[in-house]
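Got a sequence here, can you build the structure:
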Amino acid sequence: MDNLFWLTDAQMARLKPFFPRSHGKPRVDDKRVLSGIIFINRNGLRWRDAPAAYGPHKTLYSRWKRWSEKGTFARMMAGLAALHGEKNTVMIDATYLKAHRTASSLGVKKGGGGRLIGRTKGGMNTKLQAICDSQGRPLDLFVTASQVSDYIGARALLSGLPKANWLLGDRGYDADWFREALKDKGIRACIPGRKQRKTPVKYDKRRYKRRNRIEIMFGRLKDWRRVATRYDRCPKVFLSAIALAAVVIYWL
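Numbering: from 1, shown residues only. Down below sits the predicted model:
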């Protein structure tokens, strides 16, 4: 019991507004079930290997699957991250997350989308695109197949950018349309130019060094084994694992 993770009452109070309403029969103890879900995701265990203190593993999995498909965990992160208060600097970047063989089936269900898994030199991967604040706390997350360019991720995350003074990004985000879009939002870009550019792009090198905070954020998220290795076939469920890690590490 001493080695198991348990949410505190204060943490539960912050999460409770995002819980779906219970219909009919009251839900099993939310604190116990959510603590078990966090334990499984952080340690990369199979659901059947959940410690008995958290209750039946079928209850944990059923709650995880149902709430993930409803987008509950993604809403938790979005809701808590909305209180960030960042006005100066945000950062954008992407990282690869290894897909386990249990998740890497590329079959597409009729009428449904793909698995968002692609093949790279390192094998089968999913790419996580993210925005974080100046403290390295995630503000917005987006998953794509590994071969999808950073431009696609930037376009998807653009509308959710907070009103900050600066955006830091690496050369993968050096595009004229992206710089213009940031300018229209009143955000100054600190992005090095691609080597192919005929005219070099000036940027604040001292400010750019702070971009390591988003790399540190990715590293901390990957400390959760079900984030570092994707076991879930459904992209929405996998995004829920990332969002849950972000909530526990940064927003509780």
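
Could you list every helix and strand that the helix-or-strand element of the chain with minimal mean pLDDT packs against?
Every helix and strand of the chain was ranked by mean pLDDT, DSSP states H and E. The lowest is strand 118-120, at a mean of 84. If you count contacts as 3 or more Cβ pairs under 8 Å, 6 or more residues apart in numbering; DSSP states H and E, strand 118-120 packs onto strand 123-133. C-beta: built from backbone N, CA, C; applies to glycine.

Can you name the element that comes right after the strand it packs on?
strand 138-145 (DSSP states H and E).

Quick check: what element follows that following strand along the chain?
With secondary structure assigned by DSSP H and E, strand 138-145 is succeeded by helix 150-158.

List the buried residues in that following helix.
Neighbour counts over helix 150-158 (16 or more other Cβ atoms under 10 Å) mark 150, 153, 154, 155, 157, 158 as buried.

Give me the helices and strands touching that helix, please.
Secondary-structure packing of helix 150-158 (3+ Cβ pairs under 8 Å, 6+ apart): strand 89-99, strand 123-133, strand 138-145, helix 176-184.

mind redoing it with 6 Å?
Packing contacts for helix 150-158, counted by 3 or more Cβ pairs under 6 Å, 6 or more residues apart in numbering; DSSP states H and E, involve strand 138-145.

could you give the angle of the strand it packs on to strand 89-99?
Inter-element angle recorded for strand 138-145 and strand 89-99: 40 degrees (by axes from the mean of the first three to the mean of the last three Cα atoms, to 10 degrees).

Let me see the confidence value for the residue nearest to residue 19 when sequence neighbours are not counted.
Closest residue in space to residue 19, ignoring its immediate chain neighbours: residue 30 at 6.7 Å, by Cβ to Cβ, 6 or more residues apart in numbering. Per-residue pLDDT puts residue 30 at 94.

Distance check, residue 30 against residue 9.
Distance of residue 30 to residue 9, given as Cβ to Cβ, to the nearest Å: 11 Å.
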